[in-house]
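**Q** task: produce atomic coordinates for the following.
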Amino acid sequence: MLIAEDLLLLLTDDASGRLMVSGAEVDIALGGANLLELALANRVDLTREGDEARPGRLVVRDATPTGDEVLDRALEVVVARQGKKPTAAIGPLGKNLRQTLYVRLAAIGAVRAEQGTILGIFPRHAWPAADARHEAEVREAMTRALLEETAPDPRTAALISLVHALRSEHRVVDPRDAGLSKRELRERAARIARGSWASDAVRRAVDEMMAAIIAATAAASAATSATS
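**A** Predicted coordinates for the structure are as follows:
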């Protein structure tokens, strides 16, 4: 599965099938997850000395198809935004992505689609878990890294970084299982997000991309609060 698919499973309540974080923030994080996946695959990078664009701008190192239609669409989005800051791509990358991923997850039996209405008028969609075994494995890997402080693999570290950007570590891993507070859990996630789980080149890209996700989710959260 894609990192974005794992992230969506973790942020969707298994029983109710509803998001545990605002949709606007999740959409931004999902876009960031695809950008991060492309960076880890050495497809996307940030410009550095010798590149034509200014430092810290998006550049595609390998534009050949990945073999995954979602990632290929993400790659096209980045290609169209080369030379711009990561923040310019995260919004477009997350557009309509959540629904696409839910449908993919339903197709493999990880979730099931439920439809209803609110007040008998407004359509309501939910995606409760159908087979949570993969999600449980992902959560267990994150639990080992956050509570037992075992060294995470790059994929697990990437997921922890994304959840950290959403300030949702405690929604995925219960800090009480290790006698920790939410603050202590967040500090551990922050250390992993800043850790050496990626190469130097990818590390630069990840740092910039995570900063862009944090800034974008903060803006989305503020906008949601202002309209509530």
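
**Q** please name every helix or strand in contact with the one helix or strand Arg191 maps to.
**A** Using DSSP states H and E, Arg191 sits in helix 182-193. When contacts are defined as 3 or more C-beta pairs under 8 Å, 6 or more residues apart in numbering; DSSP states H and E, helix 182-193 sits against helix 133-147, helix 154-165, helix 169-172. C-beta: built from backbone N, CA, C; applies to glycine.

**Q** most tightly surrounded among these?
**A** Taking mean count of other C-beta atoms under 10 Å as the contact definition, the stretch among these with the greatest mean neighbour count is helix 154-165, which reaches a mean of 24.

**Q** host element of the spatially most central residue of the chain?
**A** Residue closest to the mean C-alpha point of the chain, counted by C-alpha atoms, centre = their mean, is Ala33 at 3.7 Å. Following DSSP H and E, one finds Ala33 within helix 23-40.

**Q** just the buried residues of stretch 198-213, please?
**A** Buried residues in stretch 198-213, defined by neighbour count with 16 or more other C-beta atoms under 10 Å: Ala198, Val202, Arg204, Ala205, Val206, Asp207, Glu208, Met209, Met210, Ala212, Ile213.

**Q** what is the longest helix seen in the chain packed up against?
**A** Of all segments of type helix in the chain, defined using DSSP state H, the longest is helix 200-227. Using 3+ C-beta pairs under 8 Å, 6+ apart as the contact test, the elements touching helix 200-227 are helix 23-40, strand 44-46, helix 87-94, helix 154-165.

**Q** how about those in CSV, adding mean pLDDT and distance to Val138?
**A** Formatted as CSV, the helices and strands packed on helix 200-227 follow (pLDDT from 0 to 100; distance: least, C-beta to C-beta, whole Å):
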stretch, mean pLDDT, distance to Val138
helix 23-40, 91, 13
strand 44-46, 89, 23
helix 87-94, 90, 20
helix 154-165, 93, 7
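
**Q** reformat these as CSV; add distance to Arg186.
**A** Shown next, in CSV, are these (distance: least, C-beta to C-beta, whole Å):
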stretch, distance to Arg186
helix 23-40, 16
strand 44-46, 26
helix 87-94, 22
helix 154-165, 7
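
**Q** closest one to Arg144 among the ones you listed?
**A** Judged by C-beta to C-beta, the one of the helices and strands packed on helix 200-227 that comes nearest to Arg144 is helix 154-165, at 8.3 Å.

**Q** where does this protein have low pLDDT?
**A** For the chain, the stretches with pLDDT under 70 are 116-123, 200-201, 221, 224-228.

**Q** how about 80 then?
**A** 48-53, 116-124, 198-228 (pLDDT under 80).

**Q** please name the nearest non-neighbouring residue to Leu46.
**A** Ala205 (4.8 Å; C-beta to C-beta, 6 or more residues apart in numbering).

**Q** distance of the one you found from Ser161?
**A** 12 Å (C-beta to C-beta, to the nearest Å).

**Q** tell me who's in contact with Ala88.
**A** When contacts are counted by C-beta atoms under 8 Å, 6 or more residues apart in numbering, Ala88 is found next to Leu58, Arg81.

**Q** count of residues packed around Ala107?
**A** Residues within reach of Ala107, counting by other C-beta atoms under 10 Å, total 9.

**Q** same check on Leu105?
**A** Quick note: Leu105 (other C-beta under 10 Å) scores 25 neighbours.

**Q** go on, Met1?
**A** When neighbours are defined as other C-beta under 10 Å, Met1 has 17 of them.

**Q** I'd say it and Glu135 touch.
**A** No. Taking contact to mean C-beta atoms under 8 Å, the distance of 9.5 Å between Met1 and Glu135 leaves them out of contact.
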